[in-house]
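**Q** model this:
(2 chains)
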There are 2 protein chains.
Amino acid sequence: MSATVVDGNAQGAALRARVAEAVRGLRARGVTPGLAVVLVGEDPASRVYVKNKSARTVEAGMRSFDHKLPADASEAEILDLVRRLNADEAVDGILVQLPLPPHIAPAKVLLAIDPAKDVDGFHPVNAGRLATGQKALVPCTPLGCVILAKSVHPSLAGMEAVVVGRSNIVGKPVAQLLLAESCTVTIAHSRTRDLPAVCRRADLLVAAVGRPEMIRGGWIKPGATVIDVGINRVPNPAAGDGKTKLVGDVAFAEAAEVAGAITPVPGGVGPMTIACLLRNTLQAACDRRSLPVPEMPA
Amino acid sequence: MSATVVDGNAQGAALRARVAEAVRGLRARGVTPGLAVVLVGEDPASRVYVKNKSARTVEAGMRSFDHKLPADASEAEILDLVRRLNADEAVDGILVQLPLPPHIAPAKVLLAIDPAKDVDGFHPVNAGRLATGQKALVPCTPLGCVILAKSVHPSLAGMEAVVVGRSNIVGKPVAQLLLAESCTVTIAHSRTRDLPAVCRRADLLVAAVGRPEMIRGGWIKPGATVIDVGINRVPNPAAGDGKTKLVGDVAFAEAAEVAGAITPVPGGVGPMTIACLLRNTLQAACDRRSLPVPEMPA
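**A** All right, here's what the predicted structure looks like:
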């Protein structure tokens, strides 16, 4: 293996420590940021995420408000809760954990969140501000990708970046962030004709397709920086019958032979997502009070 | 010359005719769409545009409301006018002609327009809807580019598209529209390292940089479709002392030797912009009344 492995655990912890330091400063001025998380239903993965978010929020010195609704909660109930959180002065950030149960329209719920408290950055107003280069609350995973890329290359300007995947949650916002960093940005996807060739153009390759180990070592330009957003659970018969493991969208062992730097799965982009959520909550808390936002990566 | 010249005048006229036909249908149901244009100050080019828009609006059977304010109008006056137009039931579309005088913040004025009447598609909510693949009012010039491209290739899916320029008004939205058409999209700009090489990758090249004839024939992939958004006035000594002419961002004569299809300047993208403005006004008039929007190109 030749590539430097980018340590998302360490960088996530460092970012959370910076947020905590800034929160201490705010609390000395009488301001304690608060994050409200809404969880509808019993999805086990979502419950783990929410528990983890809550613990990290409190660790950073902020208030955590967990709101759990049954899986059969009506859309009206959820919208009513969001409206109360919008009006609650103690709440700076509101996150509605996705996926929602199938009878709830996520777009309608996300649209109900006050854009100033939209710490997931999924409200159309924040998407539009990001798309037009205005100050915005930016989706957490894309922000984490850019922070990790900038830890390898402090300036990304002029780099050829290829983003594989065009989801609203990762692919499109990460492309916009990389464009703002003055990369030459290509967005590739399932309809791209020669995906290996397009990937081989990339000085900076961001994989966000959700297909285990789809991107092979031969697709990587020698020396490239590879950011792997995928978190896919796959069978791991070597560990025993019925065992599983997590892998990314990139075939790590192959890619690490070619790349200059690569994020592992787990321990790469994942830990940055929660750290960026805390960063966004801090930003929202400051912006809502017209306080200066402490300087943070990316 | 080998390239097919894409006739924007003819296609713009055809689109305006389709809008006019749909407007006749709406009027038979008692609905007459209305477009309000706000012009602040005496910029001669803006006055010509506004006069032209007004004439085309009336030709299409819609109502045209021109509001002219002096160059020293205050921001409060302009915002007050926008609010009155938002509340006016006869007004389906509101366009504030840019540029505004330097003492006015354009972002603040654009933000005041009801997104449902934002026929220029510059409000963050419409930018966000476009960026996240939701139904939106889409900026007129980018929409015109895509309609012209699809007149050459009815399906753009899988094509390598390169957009040169990353403005909020053209480059970024055209990239989003081409992504929605399933092109593999690259956005290039002033920081791109080897722009000629990036352009040579393009099956579909959109030039939106505002620099006269910057893109040379040797930058074009043989057979490519070239959409030239630039409208640059340059000296034309051959026509006499002090004479000028309009040229695009592409060196037309050279590029036409290599390209498969190319839009001229003038007579390419330009005439599509007003046609798309009328199309957007029709769409807004239907959407505001929950009427079906008549089928239109792109």
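
**Q** give the contact list for the spatially most central residue of chain A.
**A** Centroid-nearest residue in chain A, with C-alpha atoms, centre = their mean: residue A:141, separated by 1.3 Å. Counting by C-beta atoms under 8 Å, 6 or more residues apart in numbering or on different chains, residue A:141 touches A:169, A:170, A:174, A:229, A:269, A:272, A:273, A:276. The C-beta positions use only the backbone N, C-alpha and C, and glycine is treated the same way.

**Q** again with residue A:23
**A** A:32, A:33, A:60, A:61, A:62, A:282.

**Q** Which single one of these is nearest to chain B?
**A** Checking these against chain B by C-beta to the nearest C-beta gives residue A:282 as the nearest, at 22.5 Å.

**Q** so the closest one sits in a strand?
**A** No. Using DSSP: H, G, I helix; E, B strand; the rest coil, the assignment for residue A:282 is helix, not a strand.

**Q** quick one: what helix or strand has the nearest residue to residue A:173 once chain neighbours are set aside in it?
**A** Nearest non-adjacent residue to residue A:173, counting by C-beta to C-beta, 6 or more residues apart in numbering or on different chains: residue A:142, 4.2 Å away. Secondary structure from DSSP states H and E places residue A:142 in helix A:140-152.

**Q** what's the next secondary structure element after that helix?
**A** strand A:160-164.

**Q** what does chain A put close to chain B?
**A** Contacts of chain A with chain B, taken as C-beta under 8 Å from any C-beta of the partner chain, map to A:107, A:123-134, A:157-158, A:160, A:166, A:168, A:172, A:176, A:179, A:182, A:184-189, A:191-193, A:198.

**Q** Buried only: go through these for me.
**A** Among the residues of chain A next to chain B, the ones that count as buried by 16 or more other C-beta atoms under 10 Å in any protein chain shown are A:123-132, A:158, A:160, A:166, A:168, A:172, A:176, A:179, A:182, A:184-189, A:191-192, A:198.

**Q** So which of these sit within strands?
**A** Mapping those onto strands (DSSP state E) picks out A:160, A:184, A:185, A:186, A:187, A:188.

**Q** Model confidence at the residue of chain A positioned farthest from its centre, what's the number?
**A** Distance from the C-alpha centroid of chain A, by C-alpha atoms, centre = their mean, peaks at residue A:241 (32.7 Å). Looking at residue A:241, its pLDDT is 91.

**Q** which SS class is it?
**A** coil.

**Q** ok now do the residue lying closest to residue A:120 once chain neighbours are set aside, which residues does it touch?
**A** Distances taken as C-beta to C-beta, 6+ apart place residue A:95 nearest to residue A:120, at 5.3 Å, with adjacent residues excluded. By C-beta under 8 Å, 6+ apart, residue A:95 lies in contact with A:35, A:36, A:37, A:38, A:53, A:119, A:120, A:277.

**Q** What helix or strand is residue A:95 located in?
**A** Secondary structure assigned from DSSP H and E places residue A:95 in strand A:93-96.

**Q** Give me the neighbour count for residue A:292.
**A** 7 (other C-beta atoms under 10 Å in any protein chain shown).

**Q** Please state the backbone phi and psi of residue A:68?
**A** Main-chain dihedrals, residue A:68, degrees, to the nearest 10: phi -110, psi 130.

**Q** That one is in contact with residue A:39, isn't it?
**A** Yes. Counting by C-beta atoms under 8 Å, residue A:68 does reach residue A:39; the two are 5.0 Å apart.

**Q** What is the neighbour count of residue A:286?
**A** Neighbour number of residue A:286 under other C-beta under 10 Å is 18.

**Q** and if you look at the one 10 residues further on?
**A** Applying other C-beta under 10 Å, we find 17 other residues in the vicinity of residue A:296.

**Q** Enumerate every residue touching it.
**A** A:15, A:18, A:19, A:22, A:279, A:282, A:283.

**Q** Sort out which one of the residues you listed lies nearest chain B for me.
**A** Lowest distance from chain B to those (C-beta to the nearest C-beta) belongs to residue A:283, with 17.4 Å.

**Q** OK, contacts around that closest one?
**A** So residue A:283 contacts A:137, A:293, A:296 (C-beta under 8 Å, 6+ apart).

**Q** Show me which of the contacts of residue A:141 is closest to chain B.
**A** Distances from chain B to these, taken by C-beta to the nearest C-beta, are shortest for residue A:169, at 9.3 Å.

**Q** Compute the distance between the nearest residue to that closest one once chain neighbours are set aside and chain B, please.
**A** Leaving out its chain neighbours, the residue that sits closest to residue A:169 by C-beta to C-beta, 6+ apart is residue A:139, at 6.2 Å. Residue A:139 is 11 Å from chain B, where distance means C-beta to the nearest C-beta, to the nearest Å.

**Q** What about residue A:139, how many residues nearby?
**A** Other residues near residue A:139 number 29, with proximity taken as other C-beta under 10 Å.
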